[in-house]
Structure formats: structure tokens, C-alpha cells
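>>> this one's structure only:
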């Protein structure tokens, strides 16, 4: 709840978050992102990994770029794609918080189990 | 209780947490099956959960709401996907409006819980939580505990 309220108040952040969530909602784009974080790839190399056209992969890369998840630069005739570490760190942070939620639940869970022995 | 492992899959947005309890499987299952017990551990003390409807049969579901310090709090729902008492429970979970109706435009998450009793009478519980997107993770944090949400806000601030 807090997050959504916060986002509505800060509309610029809101738009940025929308682009981020949209970009990460797709399996292919998540895969492109993970590959781009491991190293710089050309769009044509990335395209070879998926059963879809070069243009389709290029569109996915553009969505990731607008969400500031990857950056693109020219190298000769090729467009090189590299991942942005900050967003991955953000994902790691979210997963760490999910872990905290479950750990707290399990602590309470265990306490109640013990009192009814 | 011991948490024996926590595995996070960054690519699949999945977390698997394994806990071991010194209790028979029926008692561990009861913690999910009995709504009065479930609501005592689901929400944090500052946002306690109240379970309204509770039916763990396939096609059934759970509806609940949480109550914050100012009387506000999210409403949530589960839709039971698969159940095999007392060994397995699988459900979809999401946010609801104030009347308990699922918000259809909101992302949901999948939770699968497997229970397994060992030879020594201990029970192992494996919880797999899977998210379709980061937005769904944000949502779970907003339904989970306010501490998590607060630090999420701080992180968004840092990164955006």
C-alpha cells in the first residue's frame, strides 16, 4: 500500500516504475537482461538465442533500454547491449525483503506450534 | 524450528524456503488449515490478519484483510489450485478491494507448500513463492509486512 501511495504522489517515479515493471513482465526480456548482465552482446547475437525475428528482439531491447535496464552503444555496424547493474541489485533487494517476510511468518508459525504442544 | 535453506532464483523470480519443525505433519498442516491459527502468523503483530472466508478445497479460497495502526490495511485473497492434505497446498494469491473482491488488474503470485514427515517425527515444509514480475513482488511486500514496504520505498528512492 505504502509503495503505491508513494508512487502516485511522485508521478515521475511512477512512470519510471511502470516502464520498469512492464519491461520485466516478459520472459524473453528477462532472459535478454540476464545475458546482458553477464556480458556485452550485439543485438544480432541476442537474436540468435530466440525463435523470433531480429526486429522482434530489437523491440524487446528497446523496451529494456527505455526502462533503463540496459544501455546500447554502436560498435561498427553492430549495436552492443549491456545490462544495468542497479536494477538487478534492486531485484536482489526485493527478494531479500520477501525472505524477511517469510522468515518473520515462520518465526510466528513456530511459536504458535510450540505453545500448543 | 530451523530454516534449512533459502534459494532465490533471480531469473525466474522464485524463492524456495525450507523449514524443519519438531512437530508431526498434521499439526504443521493445521497451521494453514485452521483460519484462527493462520491469522495469528500470516500478518505481523502491527498489521494482524483477519481471515473472513477459508476453504482449502480445490476451487475454494481464502479471503482476509489486515488491520494497520490507523485502521487501514490491504485485503487479500487466495485461490486454491491444488490440495492434498496434509502433504501439499498450492494457491494463487493477490490483492482484493475493500469488499474482498479480487482486483483483476493486479498481478498475482503463486505459492506452493509441500509437507513431509521424517522418520524422527519432524516435519519439513518447503514453500515456493513465484512472481510473474517485480510488481508482483512489490505487491507481496505491501501485503506482507510494513517493515518490508518501508525499506522498499527507501530503495525505490535510491534507484529511481
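Happy to help now that I have it. No experiment lies behind these values; they were computed from the predicted model shown. Numbering: from 1, shown residues only, chains lettered A, B, ... in the order given.
>>> how many other residues sit next to residue B:141?
Applying other C-beta atoms under 10 Å in any protein chain shown, we find 25 residues neighbouring residue B:141. To be clear about C-beta, it is placed using only N, CA and C from the backbone, and glycine gets the same treatment.
>>> now residue A:54. Nearest residue, chain neighbours left out?
Of all residues not flanking residue A:54 in the chain, residue A:47 sits nearest, at 4.5 Å (C-beta to C-beta, 6 or more residues apart in numbering or on different chains).
>>> is it true that that neighbour touches residue A:53?
Yes: Residue A:47 is within contact range of residue A:53, at 7.5 Å (criterion: C-beta atoms under 8 Å).
>>> neighbour count winner among the two?
More neighbours surround residue A:47 than the other of residue A:47 and residue A:53, with 19 against 10 (other C-beta under 10 Å).
>>> any idea how far chain B is from that one?
Applying C-beta to the nearest C-beta, to the nearest Å, the value for residue A:47 to chain B is 19 Å.
>>> touching, residue B:110 and residue B:136? I think so.
No: checked against C-beta under 8 Å, the pair residue B:110 and residue B:136 is beyond contact range at 9.5 Å.
>>> between these two, who's got more neighbours?
Neighbour tally, residue B:110 and residue B:136, criterion other C-beta under 10 Å: the higher count belongs to residue B:136, 24 against 16.
>>> quick one on the thing from earlier: per-residue confidence at the residue nearest to residue A:54?
pLDDT for residue A:47: 95.
>>> list the residues that contact it.
A:53-54, A:57-58 (C-beta atoms under 8 Å, 6 or more residues apart in numbering or on different chains).
>>> nearest the geometric middle of chain A, what residue?
In chain A, the residue lying closest to the centroid (C-alpha atoms, centre = their mean) is residue A:24, at 4.6 Å.
>>> what about the residue nearest to residue A:84 when sequence neighbours are not counted, how many residues nearby?
Nearest residue to residue A:84, sequence neighbours excluded (C-beta to C-beta, 6+ apart): residue A:69, at 5.4 Å. Residues lying near residue A:69 (other C-beta under 10 Å) number 25.
>>> for chain B, see how far away residue A:69 is.
Distance from residue A:69 to chain B, by C-beta to the nearest C-beta: 11 Å.
>>> quick one, what contacts that residue?
Residue A:69 neighbours (C-beta under 8 Å, 6+ apart): A:20, A:23-24, A:33, A:83-84, A:87.
>>> ok, of those residues, which one's closest to chain B?
Nearest to chain B, judged by C-beta to the nearest C-beta, of these is residue A:24 at 5.0 Å.
>>> any buried residues in stretch A:103-110, and which?
A:104-106, A:108-110 (16 or more other C-beta atoms under 10 Å in any protein chain shown).
>>> picking up where we left off before, mark which of the contacts of residue A:69 are part of strands, please.
Judged by DSSP state E, the contacts of residue A:69 include residue A:83 as members of strands.
>>> shaky segments in the chain?
I'll assume chain A. A:1-13, A:86-87, A:116-117 (pLDDT under 70).
>>> can you look at chain B instead?
Counting by pLDDT under 70, chain B has low-confidence residues at B:144-160.
>>> would you list every one of the helices in it?
B:25-33, B:35-42, B:134-144, B:146-159 (DSSP state H).
>>> ok so, going back, now for the contacts of residue A:69: which two are most distant?
Spanning the widest gap among those are A:20 and A:83, at 13.6 Å by C-beta to C-beta.
>>> and stretch B:107-117, what's buried?
Per 16+ other C-beta under 10 Å, stretch B:107-117 contains these buried residues: B:107-113, B:115, B:117.
>>> out of those, which are close to chain A?
residue B:107 (C-beta under 8 Å from any C-beta of the partner chain).
>>> what is the nearest of the buried residues of stretch B:107-117 to chain A?
residue B:107 (8.0 Å).
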